[in-house]
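**Q** Build me a structure from this.
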Amino acid sequence: MASGLTARLAEARDFVRAALRPVPEVLAAVDLGSNSFHMVVARHSHGQLTIIDRLREMVRLAAGVAENGRIDKEVAARALACLERFGQRLRDMRADSVRVVGTNALRHAHRKQAFLERAREALGHPIEIIGGMEEARLVYSGVAHTMPSEPGKRLVVDIGGGSTELIIGEGLTPLDMESLQMGCVALSERFFRDGKISAKRMERARLAARLELEPVQAAFRRRGWDACAGSSGTVRAIGDSIRALDPQALSITPAGINRAIEYSIDAGHTRELKLEPITEDRRPVFPGGLAILAEVFSVLDIKDMRIAEGAMREGLLYDMLGRYQREDARELTVRAMQQRYHVDLE
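**A** Okay, here's the model as predicted:
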């Protein structure tokens, strides 16, 4: 294990020794998530990044990856049509530097090379499929760069379509990271596929989430944190729904989650989830995401969670910026891992 870790650290160290290059004026990041595809474009000026364009389309790629790993033709067509639109926008924006990453659904898809080649042609840029830990690192970077700086450690929770990332960090540096094999699409497909929502189904979904969380419970609670933030669309939709049910709610709390669960069970079906924050394309995956967040709160004993503005795509932008400025966020992670595991690369 130590030799493998040393090799990964050495590879990351070699990367960050790249020569300094001028920062492009326009940078773009594309996140091919298991639930939604996102694109964010930023302008670099005077050392700062300013977001100038955002696009999001719910593709639900995870729902189109069969048990044998094949990507469903209809879902693939939907994904490629989305990437065509993203590619045209990137050309219109004249983005100088673009990074495109695929996450959990593409990690687990088999025989995907033909799809990736067509996706690259549609978008105009190559696609990098990243591992769960890299996804967690980028999520934390996006949150840490876009939330006010504060002392102490921060727990970040990101519920995606196919995986859930948990990160504890301090400042801009992640200290503990986990990527769990559960997401709002996968759990909703498993327990709420026909749209029906009941107390029994919700409890079964929560139990599945609890079993995924239990192996990391002790380590995370032992590390501890001073503040908690949730990122991405699932957490935001739940937080906004809680606020719609109780306008006095300023953050996500256990009581608010319970209220959202009661509302969902009373609705009885995903098509009856009529709160404004639960958009039509969000409804089929809302109960699965809600079950995951409820168990994250329960297992880790979270009392309060704020909603972060940034997520993985913002993390990609700051990662790109750091590479040009030789302040690669991965270097900070490498140093933290060196200290934690007592690895000497010299």
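**Q** For Gln338, report the pLDDT, please.
**A** The model reports Gln338 with a pLDDT of 55.
**Q** what's downstream of the lengthiest helix in the chain, the next helix or strand?
**A** Ordering each helix of the chain by length in residues (DSSP state H) puts helix 199-223 first. Toward the C-terminus, helix 199-223 is succeeded by strand 227-231 as the next helix or strand (DSSP states H and E).
**Q** same for the longest helix of the chain, what does it pack against?
**A** When contacts are defined as 3 or more Cβ pairs under 8 Å, 6 or more residues apart in numbering; DSSP states H and E, helix 199-223 sits against strand 164-170, strand 173-180, helix 184-191, helix 254-267, helix 286-300. Backbone N, C-alpha and C define where each C-beta goes, glycine included.
**Q** Please convert these to a markdown table, extending it with mean neighbour count, mean pLDDT and distance to Lys73.
**A** Below are the helices and strands packed on helix 199-223 laid out as a markdown table (neighbours: other Cβ atoms under 10 Å; pLDDT from 0 to 100; distance: least, Cβ to Cβ, whole Å):
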| stretch | mean neighbour count | mean pLDDT | distance to Lys73 |
| --- | --- | --- | --- |
| strand 164-170 | 24 | 97 | 28 |
| strand 173-180 | 20 | 96 | 28 |
| helix 184-191 | 25 | 95 | 18 |
| helix 254-267 | 18 | 98 | 32 |
| helix 286-300 | 25 | 98 | 24 |
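**Q** Serialize those to CSV and add fields for distance to Leu90.
**A** Shown next, in CSV, are these (distance: least, Cβ to Cβ, whole Å):
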stretch, distance to Leu90
strand 164-170, 26
strand 173-180, 28
helix 184-191, 26
helix 254-267, 36
helix 286-300, 29
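**Q** Would you mind listing the buried residues in the longest helix of the chain?
**A** 201-202, 204-206, 208-210, 212-213, 220 (16 or more other Cβ atoms under 10 Å).
**Q** Which of those residues sits closest to Arg236?
**A** Ala209 (18.8 Å; Cβ to Cβ).
**Q** now the closest residue to that closest one other than its chain neighbours: how far from Arg78?
**A** Of all residues not flanking Ala209 in the chain, Glu295 sits nearest, at 3.9 Å (Cβ to Cβ, 6 or more residues apart in numbering). Between Glu295 and Arg78 the distance, using Cβ to Cβ, to the nearest Å, works out to 30 Å.
**Q** where along the protein do the helices fall?
**A** For the chain, applying DSSP H gives helices covering 2-15, 73-93, 104-108, 113-123, 132-146, 184-191, 199-223, 232-245, 254-267, 286-300, 312-325, 329-341.
**Q** so how far is Arg243 from Arg236?
**A** The value you get for Arg236 to Arg243, if Cβ to Cβ is used, is 11 Å.
**Q** Repeat that for His145.
**A** His145 sits 25 Å away from Arg243, going by Cβ to Cβ.
**Q** Could you verify my assumption that Ile242 touches Arg259?
**A** Yes - counting by Cβ atoms under 8 Å, Ile242 touches Arg259, with 6.4 Å between them.
**Q** what's around Glu128, how many residues?
**A** By the criterion of other Cβ atoms under 10 Å, Glu128 has 12 neighbours.
**Q** Leaving aside the residues adjacent along the chain, what's closest to it?
**A** Leaving out its chain neighbours, the residue that sits closest to Glu128 by Cβ to Cβ, 6+ apart is Val101, at 5.1 Å.
**Q** Now for the one you found: which residues touch it?
**A** Contact analysis of Val101 by Cβ atoms under 8 Å, 6 or more residues apart in numbering lists 29-32, 127-130, 135, 138, 312, 316.
**Q** Just the buried residues of stretch 223-234, please?
**A** Within stretch 223-234, the residues scored as buried using 16+ other Cβ under 10 Å are 225, 228-234.
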